[in-house]
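A.B. asks: I need the structure of the sequence given here:
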Amino acid sequence: MTTTKEQFEQRLAALHDPWVTRKQLEHLAGVSPKTIRNWLEARPIPEAKTRIGARSTQLIDRQTAAEWVRERLFGGRDGTSDVPSGPRLAAEPRPLGHAPGERLRRVDIARRRGVTPAAIGNLSQAYVDHPSYPFPPADGDHTRDAAAVAAWFAWYDAERPGYSAKSAGRAGTVHPPAGRAAEVADLLRTAIAQGTDLTTETVAERLGVSPDVASRYLSQAAQTVMPEHGLIPRRQIPDLFPAAIRDQMTPLQRRERVKTLLRRRKAPAPQLVVGGTEYYRRADVEALVASM
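C.D. replies: Purely as a prediction, here's the structure:
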């Protein structure tokens, strides 16, 4: 799960309806329809707090829905929660504690992350071939270096890359956009050709969808279109650092180094801004990094 407490509260504040739908639950929690179904099966909402609306749509009392989602994401007010079945990002990034020289089994990592061992197994497989941050490998005794695991989760929580399910292929695999995402890809190519920025609001208006949905389409299209034009987002600039330097830095240090580099007099300017993300010409950034 990638929803932070701040994001949850922002979405909740924008939810004014006294009765909400399942679709609104999905947006509030930032999860898929399948996840909502699984949650409802495991912890049904009291029937007294629901009613049937137009077109037989199930409606849920807003306050009840908010507390129900909050508990699923972050735990109840008493500190208890259902253990999620899938990998998740920490709601608030925090170090994974470990003793010097300690080694962890999959079940140990799962316990400290508050998920199931199977979830950690899926996560390790999904990121085994990540080009920059592969999941720390296990030795013959099925244990992993705790320091390496802690460093990996520090990146995972700070960068919030999302979870690539095994069925979707290895991390780094990019599929060509299709359907509405293909329409957004065309808009993106036009923006690049014209050298103009493209906002999420513009995409939402063109497609007739919500900004949240438009953002997902834009992100999917950008994964394919931007590399075609030799462009990379600002957040990926640290991936171009020499491994010997990059691996010794924390995520925060990498971001600060990027800020320093881009403040240089001869630093390249972003080519365009897409959905609030600055994109730079990769060749220009590589030249800048070479001068580190």
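A.B. asks: Going by C-alpha atoms from here, please, whenever you check contacts or count neighbours.
C.D. replies: OK.
A.B. asks: all strands of the stretch 101-250 of the chain, in order?
C.D. replies: 103-104, 144-145, 231-233 (DSSP state E, counting those that start in this stretch).
A.B. asks: Among these, pick out the one with the most neighbours on average.
C.D. replies: Among the strands of the stretch 101-250 of the chain, ranked by average contacts under mean count of other CA atoms under 10 Å, first place goes to strand 231-233 (a mean of 21).
A.B. asks: Show the end-to-end separation of stretch 10-22, please.
C.D. replies: 18 Å (CA to CA, to the nearest Å).
A.B. asks: Quick check: mean pLDDT of that stretch?
C.D. replies: Averaged over stretch 10-22, pLDDT sits at 83.
A.B. asks: Wasn't residue 280 part of a strand?
C.D. replies: Yes. Using DSSP: H, G, I helix; E, B strand; the rest coil, the assignment for residue 280 is a strand.
A.B. asks: pretty sure it is touching residue 273, no?
C.D. replies: No. Applying CA atoms under 8 Å, one finds residue 280 not in contact with residue 273, separated by 9.1 Å.
A.B. asks: Tell me which of those two has more neighbours.
C.D. replies: residue 280 (22 against 18; other CA atoms under 10 Å).
A.B. asks: Without its sequence neighbours, what residue ends up closest to that one?
C.D. replies: Spatially, and ignoring its direct neighbours in sequence, residue 280 is nearest to residue 270 (4.7 Å; CA to CA, 6 or more residues apart in numbering).
A.B. asks: and the one you found, how many residues sit next to it?
C.D. replies: Residue 270: 18 neighbours (other CA under 10 Å).
A.B. asks: longest helix anywhere in this structure?
C.D. replies: Criterion DSSP state H: the longest helix present in the chain is helix 211-228.
A.B. asks: Distance across stretch 225-232, terminal residue to terminal residue?
C.D. replies: Terminal-residue distance, stretch 225-232 (CA to CA): 10 Å.
A.B. asks: In it, which residues are buried?
C.D. replies: Going by neighbour count (16 or more other CA atoms under 10 Å), the buried part of stretch 225-232 is 225, 226, 231, 232.
A.B. asks: so how far is that stretch off the chain centroid?
C.D. replies: 20 Å (CA atoms, centre = their mean, to the nearest Å).
A.B. asks: rewinding a little: now distance to residue 142 and pLDDT too, for the buried residues of stretch 225-232, in TSV please.
C.D. replies: Output for the buried residues of stretch 225-232, formatted as TSV (distance: CA to CA, whole Å; pLDDT from 0 to 100):
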residue	distance to residue 142	pLDDT
225	40	88
226	39	90
231	40	92
232	36	92
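A.B. asks: can you put these in TSV and add distance to residue 146?
C.D. replies: Formatted as TSV, the buried residues of stretch 225-232 follow (distance: CA to CA, whole Å):
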residue	distance to residue 146
225	38
226	36
231	35
232	32
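A.B. asks: Please identify which of the residues you listed is nearest to residue 98.
C.D. replies: Taking CA to CA as the measure, residue 98 lies nearest residue 232 of the buried residues of stretch 225-232, at 34.9 Å.
A.B. asks: Would you map the helices across the stretch 51-200 of the chain?
C.D. replies: Using DSSP state H, counting those that start in this stretch, the helices of the stretch 51-200 of the chain run over residues 62-74, 106-113, 117-126, 146-159, 180-194, 200-207.
A.B. asks: Mind giving me the packing neighbours of the fifth one?
C.D. replies: Contacts defined by 3 or more CA pairs under 8 Å, 6 or more residues apart in numbering; DSSP states H and E place helix 180-194 against helix 211-228.
A.B. asks: if we can go back for a sec, got the angle between the longest helix of the chain and helix 200-207?
C.D. replies: 100 degrees (axes from the mean of the first three to the mean of the last three CA atoms, to 10 degrees).
A.B. asks: For helix 211-228, list every residue counted as buried.
C.D. replies: By neighbour count, with 16+ other CA under 10 Å as the criterion, the buried positions of helix 211-228 are 211, 214, 215, 217, 218, 219, 220, 221, 222, 223, 225, 226.
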